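# sequence unavailable; structure follows:
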């Protein structure tokens, strides 16, 4: 019985060390590993972007759902358009440029998708989420 208690105390102490670590390094590690699977959307790593996840799916004959959780530090101007990635499948590319605003509580962002698949993100109104790096969930529907 004493061995069980000692084991549980040791387990709790080891987990508390993990919880006390700096979250930004853990988030960066998760984002880096997750961004390795970008089969539908190529992330713009050259400019410091990472995807924690990305999803692209046809929604009927003329619409596509795009979802990304993007990750970048605060060193960029979020009020200017930033190239975050590029849609890979040619059958899911829009025929024309589309600007898609979306809201995150009180903040408004804009995702612009070009016919070549390039995706640009910017903050329109409001403020960035707390913390560095900044993590923004993107969800929009565009027309083919």
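Yep, it's here. What you see is a predicted model; the values in this text were computed from it and never measured.

# helices of the chain, start to end?
According to DSSP state H, the chain carries its helices in the segments 2-19, 23-34.

# rank these by pLDDT, which is bottom?
Per-stretch mean pLDDT for the helices of the chain is lowest at helix 2-19 (a mean of 47).

# got any ranges where this protein has weak pLDDT?
Across the chain, the ranges flagged by pLDDT under 70 are 1-38.

# again, only this time at 80
1-39 (pLDDT under 80).

# now the strands for it?
Under the criterion DSSP state E, the chain contains strands at 41-43, 50-58, 63-72, 82-87, 98-104, 107-113, 118-125, 134-143.

# quick check: bridge partners of the nearest residue to residue 139 once chain neighbours are set aside?
Computed as CB to CB, 6 or more residues apart in numbering, the closest residue to residue 139 that is not its neighbour in sequence is residue 67, at 4.9 Å. For glycine as for every other residue, the C-beta is placed from the backbone atoms N, C-alpha and C. On the basis of DSSP bridges, residue 67 is bridged to residue 55, residue 139.

# can you get me a residue count around residue 67?
Residue 67 has 15 neighbours, counted by other CB atoms under 10 Å.

# could you do residue 126 as well?
13.

# now the residue nearest to it when sequence neighbours are not counted: how far from residue 124?
Nearest non-adjacent residue to residue 126, counting by CB to CB, 6+ apart: residue 107, 3.0 Å away. Distance, residue 107 to residue 124, by CB to CB, to the nearest Å: 8 Å.

# swap in residue 41?
22 Å.

# between those two, which one's more packed in?
For residue 41 versus residue 124, neighbours defined as other CB under 10 Å are more numerous around residue 41 (24 against 13).

# which residues touch the nearest residue to that one once chain neighbours are set aside?
Distance criterion CB to CB, 6+ apart; nearest residue to residue 41, sequence neighbours excluded, is residue 54 at 4.4 Å. Counting by CB atoms under 8 Å, 6 or more residues apart in numbering, residue 54 touches 38, 40-41, 43, 67-69, 85.
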